[in-house]
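S.K.: Predicted coordinates and the sequence they were generated for:
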Amino acid sequence: MIGEAIRGQSRVGRVDAVPTGGAIFLSPNRLRWLSLLPPVLLAVAALVVLALTGFDGLYGQDSFAYFHYATGPLRQGLLHLQPPPAFFWPPGYPLLVALTSAIVGINPLAGQIVSIAAGAAVPAFTILLAAEMSKSDQPEATNRRWQLVPLLAGLIVAVTGQLLQSSLVVMADTLGLAFATSGAWAFVRYRRTGKARWLAISAAAFAGAIITRWIYGLVALPFALWSLVLLARRPRRVALRHGAGAATVAATILGPVLVPAIAGLITGGTASFAGDLQVYSWSPLNALRRVFMTADGELSYTLPNGIYYAIAPALWWYFSPALALLVLPGLRAVLRRGAMPSAYLLVAWVAIVYAFHAGAPWQNPRFALAYLPPLAILAALGFAQLQSAAHQKIRQAATITLVGGLALAAAGSVVLTNEFIERKQNDVATVRWSERLAPANGQLLTFGLTATFQQYGRLETLDLSELGSAKIEALLSDGRPTLVLLDVPGIERQWTGRPPWVNYRSLRDGPGLVPLGVRNGVTLFLVRPGTP
């Protein structure tokens, strides 16, 4: 399918004539096979990393929650033909993990299979989207240079470090992005062909993206609005048939998730699948701020949110500065009057994701993945635009920028992935270190590493943020040694006045804490016998 899209592609945008010597010629057959390179490259890279490191995809807190929900209550619910039980996040990703676990067993590998497959699908659908946009906008064009745009966009996506990292972990990011990108491709195909099935496929894909990551509900808006415009131009009976079919598909997928989520949000109770929406806040002024008070405590960043998400594509874990620079001429090509109508969707996609995250009080490289495909296509367009220049030096500079940028991004992927896995290995090493110092029958209170200890350790582990004073008193009076493992400076800096800080202070100022050792910023304490 990718190869067929590339083979039938025409140029994207309006380009001036250029000397033949500046052109880049590839036969359609070779281009068709080369279009398979980006998804294969990412999948192979991910599999090699797993083979060399043994990384199991679990880290932090959220990935453990996804894994245990998918292979626990959700899997049992599916086996008994029951609706998905309540969960903090949308259930799209856990559903696929639960189904995969029926084949590979209750193992984090089930989540990694879904993440890697979805990660490889992102460059594949980026290629299809770019190729379809060119056929949709310029069916008569024959400039072969523009035939490289989809392939280059796919390569840029494939070498992005954050995408590789997200493909290795048991998290929903790559699946949501793959669904959204496929939905965009199917919509542009509907715009060109007018066939109802493509609108239905687009609706299904965007619905899948939404029940995986809520942000794609915003990304879907410009596509939905343009769908209404296209339907308004068709005969009424055709429009009703196409629109009703797409709406039915979307409602079937979204309904079981949206209904309980909306009910919880309206009543003010626990909103199934929308817990993150309940703790989210948004303000345009947040784009100018770098310090926030959130459910995660006080967050202090180096840069204001607006600057962080604006320069994210130029950072080493994303495109690198060289590839990010190519976005600018690509954006210029899109904004020229009549150059590429469907590419305005790319601009809207980027703008929506940027506005949402710049206005929210969190900075996370994962969040920048949501505008990766449109930015990659714009960068590829930028390269093609520079290659159309009459001056040979400009064309040479563009080639150097592209090749150097791809190399830098690939190197950044290696560094990012290596550092990420080292942090996970360090967390597991902290578990082993703590167990060596702890009494055999001890119980541990910690924060931040709770899920890691519960997954890999032998100590009974409780989260310090979830304990009340009565529970702590009961734990201290049961006769077993009680240990506390904390990043004390982090607790004092970020969580002042919140449960982790309150419980730490009550233990420190009450029975007292005896330091047993310090490792990589965390301190292991033994609670003196007594009551808080």
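M.R.: On my side now, so go ahead.

S.K.: in what helix or strand does residue 116 lie?
M.R.: Secondary-structure assignment from DSSP states H and E places residue 116 in helix 108-137.

S.K.: Mind listing residues that contact the following helix or strand past that helix?
M.R.: Along the chain past helix 108-137, the next helix or strand (assigned with DSSP H and E) turns out to be helix 148-158. Around helix 148-158, the neighbours that count as contacts under CB atoms under 8 Å, 6 or more residues apart in numbering are 5-6, 9, 12, 24, 26, 31, 34-35, 37-39, 41-42, 122-124, 126-131, 134, 163, 319, 323, 372-373, 376-377, 379-381, 383-384, 402, 405-406, 409. Any C-beta I mention is one placed from the backbone N, CA and C, and that applies to glycine too.

S.K.: now the helix holding residue 116 and helix 148-158, what's the angle there?
M.R.: 160 degrees (axes from the mean of the first three to the mean of the last three CA atoms, to 10 degrees).

S.K.: same for helix 108-137, what does it pack against?
M.R.: helix 2-7, helix 37-53, helix 62-69, helix 92-104, helix 148-158, helix 161-168, helix 173-193, helix 372-387 (3 or more CB pairs under 8 Å, 6 or more residues apart in numbering; DSSP states H and E).

S.K.: Now, of the contacts of helix 148-158, which are buried?
M.R.: Buried by 16 or more other CB atoms under 10 Å: 5-6, 9, 12, 31, 34-35, 37-39, 41-42, 122-124, 126-131, 134, 163, 319, 323, 372-373, 376-377, 379-381, 383-384, 402, 405-406, 409, out of the contacts of helix 148-158.

S.K.: what are the ranges of the strands in the stretch 201-350 of the chain?
M.R.: Taking DSSP state E, counting those that start in this stretch as the criterion, the stretch 201-350 of the chain carries its strands at 291-294, 297-300.

S.K.: Just send those strands back as TSV, with mean neighbour count, distance to residue 46 and mean pLDDT too.
M.R.: Compiled in TSV, these are given as follows (neighbours: other CB atoms under 10 Å; distance: least, CB to CB, whole Å; pLDDT from 0 to 100):
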stretch	mean neighbour count	distance to residue 46	mean pLDDT
strand 291-294	14	32	92
strand 297-300	14	30	92
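
S.K.: For these, could you give me TSV that also reports distance to residue 467?
M.R.: Supplementary listing: those in TSV, determined by distance: least, CB to CB, whole Å:
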stretch	distance to residue 467
strand 291-294	21
strand 297-300	17
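
S.K.: In contact with the nearest residue to residue 366 once chain neighbours are set aside: list those residues for me.
M.R.: The shortest distance from residue 366 to any non-neighbouring residue, by CB to CB, 6 or more residues apart in numbering, is to residue 173 (5.4 Å). Taking CB under 8 Å, 6+ apart as the contact definition, residue 173 lies against 115, 166, 213, 366, 369.

S.K.: residue nearest the centroid of this protein?
M.R.: The chain has residue 173 as the residue nearest its centroid, 3.0 Å off, counting by CA atoms, centre = their mean.

S.K.: Helix 92-104 and the helix holding residue 116, what's the angle between them?
M.R.: Taking the same axes, to 10 degrees, one finds helix 108-137 and helix 92-104 inclined to each other by 120 degrees.

S.K.: Would you mind checking the average pLDDT for helix 108-137?
M.R.: Throughout helix 108-137, pLDDT has a mean value of 94.

S.K.: chain center to that helix, what's the gap?
M.R.: Averaging C-alpha positions (CA atoms, centre = their mean, to the nearest Å) puts helix 108-137 13 Å from its chain's average.

S.K.: same deal with stretch 212-222?
M.R.: On the basis of CA atoms, centre = their mean, the separation between the geometric centre of stretch 212-222 and that of its chain is 13 Å.

S.K.: what residue ranges in the stretch 401-532 of the chain score low on pLDDT?
M.R.: Low-confidence segments of the stretch 401-532 of the chain (pLDDT under 70): 530-532.

S.K.: per-domain residue ranges of this structure.
M.R.: The chain breaks down into these domains under automatic domain parsing: 2-17+28-421, 438-527.

S.K.: Show me the one of these that comes nearest residue 429.
M.R.: When the domains of the chain are ranked by distance to residue 429, counting by CB to CB, first place goes to domain 438-527 at 8.1 Å.

S.K.: Quote the end-to-end distance of the closest one.
M.R.: Start-to-end span of domain 438-527 (CA to CA, to the nearest Å) is 12 Å.

S.K.: Let the chain start at 741 from now.
M.R.: Noted, 741 is the first residue going forward, which turns the last one into domain 1178-1267.

S.K.: Where do the strands of the stretch 1141-1272 of the chain begin and end?
M.R.: With strands called from DSSP E, counting those that start in this stretch, the stretch 1141-1272 of the chain shows them at 1183-1186, 1200-1203, 1222-1226, 1253-1259, 1262-1267.

S.K.: Format those strands as CSV; extra columns: mean neighbour count and distance to residue 999.
M.R.: Conversion of the strands of the stretch 1141-1272 of the chain to CSV gives the following (neighbours: other CB atoms under 10 Å; distance: least, CB to CB, whole Å):
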stretch, mean neighbour count, distance to residue 999
strand 1183-1186, 24, 37
strand 1200-1203, 18, 31
strand 1222-1226, 25, 41
strand 1253-1259, 14, 47
strand 1262-1267, 20, 43
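
S.K.: quick one: contacts of stretch 1066-1076?
M.R.: Applying CB under 8 Å, 6+ apart, the external contacts of stretch 1066-1076 come out as 753-754, 1053, 1079-1080, 1083-1084, 1086-1087, 1115, 1117-1126, 1138, 1141-1142, 1145.

S.K.: Check which residues of that stretch are buried.
M.R.: When neighbours are counted by 16+ other CB under 10 Å, the buried residues of stretch 1066-1076 are found to be 1066-1067, 1069-1071, 1073-1074.

S.K.: any idea how far it is from the chain center?
M.R.: Once both centres are worked out by CA atoms, centre = their mean, stretch 1066-1076 turns out to sit 25 Å from its chain's centre.

S.K.: any idea of the mean pLDDT in it?
M.R.: Mean pLDDT, stretch 1066-1076: 90.

S.K.: Restricting to C-alpha, output that stretch in PDB.
M.R.: In PDB, the C-alpha atoms belonging to stretch 1066-1076 read as follows (Å, rounded to 0.1, in the frame of the first residue of the first chain):
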ATOM      1  CA  LEU A1066      13.700  22.800   7.100                       C
ATOM      2  CA  VAL A1067      10.200  23.200   8.500                       C
ATOM      3  CA  LEU A1068      10.300  26.900   7.800                       C
ATOM      4  CA  PRO A1069      10.600  26.800   4.000                       C
ATOM      5  CA  GLY A1070       8.000  24.000   4.100                       C
ATOM      6  CA  LEU A1071       5.600  26.100   6.000                       C
ATOM      7  CA  ARG A1072       6.200  29.000   3.500                       C
ATOM      8  CA  ALA A1073       5.400  26.600   0.600                       C
ATOM      9  CA  VAL A1074       2.200  25.600   2.300                       C
ATOM     10  CA  LEU A1075       1.000  29.100   3.100                       C
ATOM     11  CA  ARG A1076       1.500  30.400  -0.400                       C
END
